[in-house]
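# take this sequence and fold it.
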Amino acid sequence: NAVTRAVAEKGINSILNRVFSIESAQTENSSVHAKTTGQMFEKIYKLTLDATKTIKNYRLWVKTILKLGNLYYNIGEYGKLNSVLSELRKAHEASKQGANVGSADTQSGSVTKTIIHPDIFNGSIVLEMHALQILLYTAQKDNVKLKSLYEKSLLIKGTITHPRILGVIRECGGKMYMRDKTWESARRDFFEAFKSYDEAGDRARIRCLKYLVLANMLMGSKINPFTSQEAKPYEFHPEVKAMTQLVKAFDNNQIQKFESTLKKNRNSILRDPFIRMYVEELLSTVRVKVILKTIRPYNSVRVGYLAS
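Now for the predicted structure:
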């Protein structure tokens, strides 16, 4: 009773946001020890969840369990993530009942059985739930369910959402289109994801910029992605530099330079499993591009010449 409910919620939220930013950075940078590192953060989130049930602050419960869900995604605990999403869906249904009944059962002690005020599940929270489910579908490579929820998420308008959430949805959309080999749509979504992450100050902007470059080359675009004012400042970023060199070799049809750049920067480019999936496709694209340029002036050409 020392502070008001609003002040307490704001204080705990600021702590959890700080924990979330540290947790995201650590699990991303230390994938080998991600699960061990994640156990500590899991304890913090679960301790907070227990406290929110005790004080019956369901708004804070929702925000905390969403962060726990993101932790499970980051450390690859997809079974636990599925359980979190199931709890959230039950709570969402409970909030809809609350809108009709207008009362709450505070005796059960279980948040999913308690009728929650419908305002808690506003458009922003629902979109964050969708983003978490989209991440799971992307990890499971379930393109059918992913596409349905992705399109549903884009229809949610008139809500103030953290740009990171929009970045997650667009990035997963880009990956979905890449699997379908719809390069133009993938390029568009990766660019939108990059802009959202950049606005949020999220490290994922660099990852999405590399994906944007990848999609741009696969579609055979003649437009350099670094000519946009949003991407230009990152052209010589240490993590992006290798991709920049690839783009230049690609644009100039320098196949030897392209392959040597890929070989020289193998670790920085291919350590990302998503990029690694498309390397053969990328090599095929640049080789066909060079062959077409080579044969264009001729009526006939020796195969031996092309091979060399």
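
# may I have the phi/psi pair for Met219?
Here is the backbone geometry of Met219 (degrees, to the nearest 10): phi -80, psi 0.

# for it, give me its contacts.
By C-beta atoms under 8 Å, 6 or more residues apart in numbering, the contact list for Met219 reads 183-184, 187. Where C-beta positions appear, they are placed from N, C-alpha and C, glycine not excepted.

# next one: Lys241 from Asn265, what distance?
According to C-beta to C-beta, to the nearest Å, Lys241 stands 8 Å off from Asn265.

# do the same with Ala51
Plainly put, Ala51 is 48 Å away from Asn265 if you go by C-beta to C-beta.

# repeat for Thr285
From Thr285 to Asn265 the distance is 18 Å (C-beta to C-beta).

# just Arg276 next, same as before
From Arg276 across to Asn265, the span is 13 Å (C-beta to C-beta).

# next one: Asn143
Separation of Asn143 from Asn265 (C-beta to C-beta): 30 Å.

# which residues touch stretch 189-200?
With contact meaning C-beta under 8 Å, 6+ apart, stretch 189-200 is reached by 162-164, 166-168, 170-171, 173-174, 177, 203-205, 208-209, 211-212, 215, 225, 228, 230-231.

# which of the residues you listed count as buried?
For those, a burial check counting by 16 or more other C-beta atoms under 10 Å picks out 162-164, 166-168, 170-171, 173-174, 177, 204-205, 208-209, 211-212, 215, 225, 231.

# what about Tyr305, distance to Asn13?
67 Å.

# cool, Lys232 as well?
Using C-beta to C-beta, Lys232 is found at 35 Å from Asn13.

# of these two, who's got more company?
Set Lys232 next to Asn13 and count neighbours by other C-beta atoms under 10 Å: Asn13 wins out with 16 against 12.

# wouldn't that one be in contact with Trp61 here?
No - taking contacts as C-beta atoms under 8 Å, Asn13 lies outside contact range of Trp61: 11.8 Å.

# next one: the closest residue to Lys63 other than its chain neighbours from Ala6, what distance?
If you skip the residues right next to it in sequence, Lys63 has Asn13 as its closest partner in space, 6.5 Å away by C-beta to C-beta, 6 or more residues apart in numbering. Between Asn13 and Ala6 the computed distance is 11 Å (C-beta to C-beta).

# same check, this time on Lys289
Distance, Lys289 to Ala6, using C-beta to C-beta: 59 Å.

# more crowded one of these two?
Each of Lys289 and Ala6 has its neighbours counted (other C-beta under 10 Å); Lys289 has more, 17 against 8.

# so that one touches Asn253, yeah?
Yes - between Lys289 and Asn253 a contact is recorded at 6.4 Å, counting by C-beta under 8 Å.

# list the contacts for Leu68?
By C-beta under 8 Å, 6+ apart, Leu68 lies in contact with 42, 45-46, 49, 84.

# which of those residues fall in helices?
Counting by DSSP state H, the contacts of Leu68 place 42, 45-46, 49, 84 in helices.

# identify, from those, the entry nearest to Ala131.
Distance to Ala131, by C-beta to C-beta, is smallest for Val84 among the ones in helices among the contacts of Leu68, at 12.9 Å.

# next, count neighbours for that closest one.
There are 23 residues near Val84, going by other C-beta under 10 Å.

# which element, helix or strand, includes Ile165?
helix 163-179 (DSSP states H and E).

# oops, could you answer that again for Glu239 instead?
Glu239 belongs to no helix or strand, assigned by DSSP H and E.

# my read is that it contacts Asn265, right?
No - using C-beta under 8 Å as the test, Glu239 is too far from Asn265 to be in contact (10.5 Å).

# how about stretch 274-290: buried residues?
Using 16+ other C-beta under 10 Å as the test for burial, stretch 274-290 gives 275, 278, 282, 285-286, 289-290.

# among the residues you listed, which are in helices?
Per DSSP H, helices hold the following members of these: 275, 282, 285-286, 289-290.

# give the rounded mean pLDDT of stretch 287-306.
Averaged across stretch 287-306, pLDDT comes to 90.

# keeping just the C-alphas, turn it into CSV.
What follows is stretch 287-306, C-alpha atoms only, in CSV (Å, rounded to 0.1, in the frame of the first residue of the first chain):
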residue,chain,number,x,y,z
ARG,A,287,25.6,-17.4,-62.8
VAL,A,288,22.5,-17.2,-65.1
LYS,A,289,22.7,-13.4,-65.0
VAL,A,290,26.3,-13.5,-66.1
ILE,A,291,25.7,-16.1,-68.8
LEU,A,292,22.8,-14.1,-70.3
LYS,A,293,24.9,-11.0,-70.4
THR,A,294,27.7,-12.9,-72.1
ILE,A,295,25.7,-14.6,-74.8
ARG,A,296,23.4,-11.6,-75.6
PRO,A,297,25.6,-10.1,-78.5
TYR,A,298,26.1,-13.4,-80.3
ASN,A,299,24.1,-15.7,-82.6
SER,A,300,26.2,-18.6,-81.6
VAL,A,301,28.8,-19.4,-78.9
ARG,A,302,31.1,-22.2,-77.9
VAL,A,303,30.0,-24.1,-74.8
GLY,A,304,33.7,-24.3,-73.8
TYR,A,305,34.0,-20.5,-73.9
LEU,A,306,31.0,-20.2,-71.6
